[in-house]
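Q: Sequence unavailable; structure follows:
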């Protein structure tokens, strides 16, 4: 939705903005624009970030049974996530030990071996070389134990499969810091992935990741959410690497002068009505004394889930209607309500101006429910993905236009956007950028055209 004039129902007073313990202590900073547009910075990420960080690759449902293979890519990296005959997940760099050809592409199932299509060298599902056609031509020095596939680290958290190119990476549990404990109430292991949807986005991968790292933008591109979302009192939390925020739904934004229960109901219907099994336009229910519209919405969601055998009776109104949003360094966002889970992943494209966006879609299922292998879809950039998500992707696709303008040397990032600041501080630490290139906004931007020159000399 393009917004050209301020909505007269939105309070323009900046004093209406909320505060919390995290943002109160954050110094607004200037971030070099070159991080989003230069090949030099992209090369630093390619060399120092992507081969060493833990990243969400897929869901358990993408590799559910023995012989299932999922190819995960990130820029030039290609990893095969493999479910072995022993039921364990393993990962291998997607490179034949003969001439380097990719062994598998995309997702496959029911395999008993990993066979290169070029010259038909073959490995078992544990990555051990088992067959070399015309072996005699390689002489007695070719021993199977010396030519296994290159392993990578693979681990799971709930229904999510993570990979790290380094076979000696720190444990995933340590990498995730306090996030699993913070989200333990949601019982992520009860969710199952039904599909993944991937689309190209013509912006830097950081633009995509940052688009799901703040609520400051809701007043701009999601004005229809203001009737049913408190975007002002949205508490945040930071660990070393990761961050989170929580937003209340089913209640109007304090920015609105005329917020009401009726508006909160219709706003929720228009954007999330399917969670209650209702269509837009359904009449506004009565709110009992001592209860809130959010309580009413939560009860309707419980009833709708109960019809599918899912019991949400142990989850509070806040856990059902509120959205917990976890930003995992470097490139994933985990969105969770009591009944829904989505994971949004940003990956680099072929140039600094291109990226891939993937959404993993989960639902909580009743115990004992059989779930099919997760479907995979690659869709065109203009594919309709729901009102809110289409708005998100639409603005991400225009952001890079401004970032490419030569006079824009720095971005001015405020305290509410503390998770974006945290991402860039971690990028600096991860890639060895010293001294920090993030300077307080109070110091003022450097003269126009004085852009950071990333040469990798850190």
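A: Yes, it's here. The model shown is predicted, which means the values in this text are computed figures rather than measured ones.
Q: any low-confidence regions in the chain?
A: 1-24, 446-458 (pLDDT under 70).
Q: again, 90 this time
A: 1-26, 212-229, 231-234, 254-258, 366-372, 380-398, 443-458 (pLDDT under 90).
Q: Would you map out the domains in it?
A: 14-37+179-425, 55-175 (automatic domain parsing).
Q: From one end of the shortest one to the other, what's the distance?
A: Start to finish, the residues bounding domain 55-175 are 10 Å apart (CA to CA, to the nearest Å).
Q: show me the contacts for residue 186.
A: 319, 324, 336, 338, 341 (CB atoms under 8 Å, 6 or more residues apart in numbering). C-betas here are computed from N, CA, C, even on glycine.
Q: repeat that with 6 Å
A: residue 336 (CB atoms under 6 Å, 6 or more residues apart in numbering).
Q: what do you get for residue 330?
A: residue 53 are the contacts of residue 330 under CB under 6 Å, 6+ apart.
Q: That one and residue 295, how far apart?
A: 38 Å (CB to CB, to the nearest Å).
Q: before we move on, what about residue 114?
A: 53 Å.
Q: where along the stretch 351-458 of the chain do the helices fall?
A: For the stretch 351-458 of the chain, the helices defined by DSSP state H, counting those that start in this stretch occupy 387-403, 418-431.
Q: Nearest to residue 252, out of those?
A: Nearest of the helices of the stretch 351-458 of the chain to residue 252, taken as CB to CB: helix 387-403 at 16.8 Å.
Q: picking up where we left off before, redo the helices of the stretch 351-458 of the chain as JSON lines? Include distance to residue 301.
A: Formatted as JSON lines, the helices of the stretch 351-458 of the chain follow (distance: least, CB to CB, whole Å):
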{"stretch": "helix 387-403", "distance to residue 301": "17"}
{"stretch": "helix 418-431", "distance to residue 301": "27"}
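Q: who wins for proximity to residue 44 among those?
A: helix 418-431 (5.3 Å).
Q: quick one: the closest one to chain centroid distance?
A: 16 Å (CA atoms, centre = their mean, to the nearest Å).
Q: likewise stretch 32-43?
A: On CA atoms, centre = their mean, the centre of stretch 32-43 falls 21 Å from that of its chain.
Q: Please identify the buried residues of it?
A: With burial defined by 16 or more other CB atoms under 10 Å, the residues of stretch 32-43 counted as buried are 32-38, 41-42.
Q: Among those residues, which lie within strands?
A: residue 32 (DSSP state E).
Q: Make CSV from the buried residues of stretch 32-43 and add distance to residue 311 to it.
A: What follows is the buried residues of stretch 32-43, written out as CSV (distance: CB to CB, whole Å):
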residue, distance to residue 311
32, 50
33, 50
34, 51
35, 46
36, 45
37, 49
38, 52
41, 49
42, 47
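Q: and the buried residues of stretch 32-43, which of them are in helices?
A: 41-42 (DSSP state H).
Q: Nearest to residue 282 among the buried residues of stretch 32-43?
A: Closest to residue 282, out of all of those and judged by CB to CB, is residue 36, at 42.8 Å.
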